[in-house]
Structure formats: structure tokens, C-alpha cells
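**Student:** Okay, here's the prediction I keep looking at, along with the sequence it came from:
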Amino acid sequence: MSIFFLLLALLPFWACTHTEVPPTLMATPPVSAATISFLSLGDSYTIGEGVSEQARWSVQLAQQLRQRGTEVAPPDLIARTGWTTQDLQRAIVASGNQRTYELVSLLIGVNDQYQGQSAADYRLRLRQLLQTATRFAGGRSGRVVVLSIPDWGQTPYAQGRNRTQIGEEIDQFNEVARQECQQAGVAFVDITGLTRSASGDASQFAPDGLHYSGQQMARWAEAALPVVQKVVAVSAK
């Protein structure tokens, strides 16, 4: 076989493994200096697995802020489905992102729980991520907002699993997050109750039955809105 035909034979494999843009940093175009910059960190709940980009909770939050007269850029994202706290920290380093933002959100931990990692390990890694998020916020922890972990035990995907145990572990992780946020001076928004109330309502879930629909994530944005408005007001001073 000639080298030419050998290269043709290998081309489809190369395309499948090299054409995807690494999602460790999904950045937005440059915006006006008067526009509030926004970085959203996390996992599948941050990228909105199974729904459109416009349905992501952070994108909806930015839209809600604009509707109320606050100019906020579409968020930059460092997030991927399946990431644990450790995966996210590594990806942040790999992204090389050195920007400073007026607003930073963090939603992470469900995969730590799913993989059976301990709440103690989650605490240490979350603490590191809060420090990283604060660095992105120019050293001002008041610009950082953390959302609690959704209870995937109440999703259709969890049918046949021990929903009670899942919920109890999620509560443990969220209590860790609440404590660490308080210690770090970071705002904490509890959305777990919203995800539990979605149980039994198919409209609240993405087609895979594990992740959430734009309708449910709009509720997360609404819950975060008053907290973020205060954050934005403080960061503007």
C-alpha cells in the first residue's frame, strides 16, 4: 500500500480523535470594559448536559441580570460532564486561564459523591477550588457564588437505587460546602430542594433522565439571582 493510501485509511480515526475542541475553557468574545465578566466552573450541571447552550443555568442567570439592567457577559465555562473536584482543579490549571472576573460561580461535587469519595476528601478539594475561584475573582471572595449539589437520587435515572442513601450523602456534601463557603466568605445558594421537588415531573429533566431541563435550571438561576445581584453590587464598588 502506498503512503498516500495509508494516510487516507488513517484519516477517519485521526478526525474522530482530534477534531473536538477541548472543553476545558469555553470562552466568550471580548466584551466592553463596562460589562461584568463571568466565569462558571463545574461539571455537567454547569454545561447543561442534554440541553442547549441557552438553557444552561449560568447563561440564564446572565440573561436575568441583563433584564434587570445589569450588563453581564455570557459566561466563560470551565466544565465537563463527569468531572470531580479534582478533575476540575486539574482542568483549570491545564486551561491556562489567567483572567480576572467580576463574578465567579462554582457547582461541583456530585461526581465525588457518585464515585464513593468521602466527604472529608471533598472538603479538602473544595477548599482548594474556593481558593482558585477567589483568585479568578481578583482575590475577592465576595465575588464568588457556590450552588449546592442537586440530588440526583430523585431523578428518573436513579430508579432502583437507594434514593434515601443518595440523598443523605448529598446532604453531607452540601453541609461541607456550606461550612467551607462560610469560612471562605463565599456566598452559598441552596438549590437542592428545587431538584428534589422536580421528582415525578418529566419536564424538569433532560432526555437522559439524569440531568436537568432548561426549565429546572431557570429555577436555579432565579434562586441565585438575588444573591448574585448583591455580589455584583459589591464588586462594582
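**Tutor:** Arrived safely, thanks for sending. Residues are numbered from 1 along each chain as shown.

**Student:** so residue 167 sits in a strand?
**Tutor:** No. Counting by DSSP: H, G, I helix; E, B strand; the rest coil, residue 167 is not found in a strand; it is helix.

**Student:** For it, list the residues it contacts.
**Tutor:** Residues in contact with residue 167, defined by Cβ atoms under 8 Å, 6 or more residues apart in numbering, are 151, 153, 154, 196. Quick note: C-beta positions are derived from backbone N, CA and C, even for glycine.

**Student:** Of all pairs in those, which one is the farthest apart?
**Tutor:** For the contacts of residue 167, the maximum inter-member distance is 8.6 Å, found between 153 and 196 (Cβ to Cβ).

**Student:** So between the two, which is more surrounded?
**Tutor:** It is residue 153, of residue 153 and residue 196, that has more neighbours when counted by other Cβ atoms under 10 Å, with 21 against 16.

**Student:** just checking, the more buried one touches residue 159?
**Tutor:** No. Between residue 153 and residue 159 there is no contact under Cβ atoms under 8 Å: 10.2 Å.

**Student:** for the protein, what spans make up the helices?
**Tutor:** Counting by DSSP state H, the chain has helices at residues 3-18, 44-47, 57-67, 85-95, 110-114, 119-136, 163-184, 192-197, 214-235.

**Student:** out of these, which comes closest to residue 144?
**Tutor:** helix 119-136 (4.7 Å).

**Student:** Average pLDDT for the closest one, rounded please.
**Tutor:** For helix 119-136, mean pLDDT rounds to 98.

**Student:** what does stretch 157-164 give?
**Tutor:** Mean pLDDT, computed over stretch 157-164, is 97.

**Student:** can you count the residues close to residue 168?
**Tutor:** Neighbour count of residue 168, defined by other Cβ under 10 Å: 12.

**Student:** where does it land on pLDDT?
**Tutor:** Confidence at residue 168, expressed as pLDDT, is 98.

**Student:** Quick check: which of the helices of the chain is buried the most?
**Tutor:** helix 44-47 (a mean of 24; mean count of other Cβ atoms under 10 Å).

**Student:** May I have that helix as CSV, with CA atoms only?
**Tutor:** The C-alpha trace of helix 44-47 is given here as CSV (Å, rounded to 0.1, in the frame of the first residue of the first chain):
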residue,chain,number,x,y,z
SER,A,44,-22.4,18.5,33.7
TYR,A,45,-24.8,20.7,35.7
THR,A,46,-22.7,23.7,34.6
ILE,A,47,-22.6,22.9,30.9
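
**Student:** Fine by me, thanks again.
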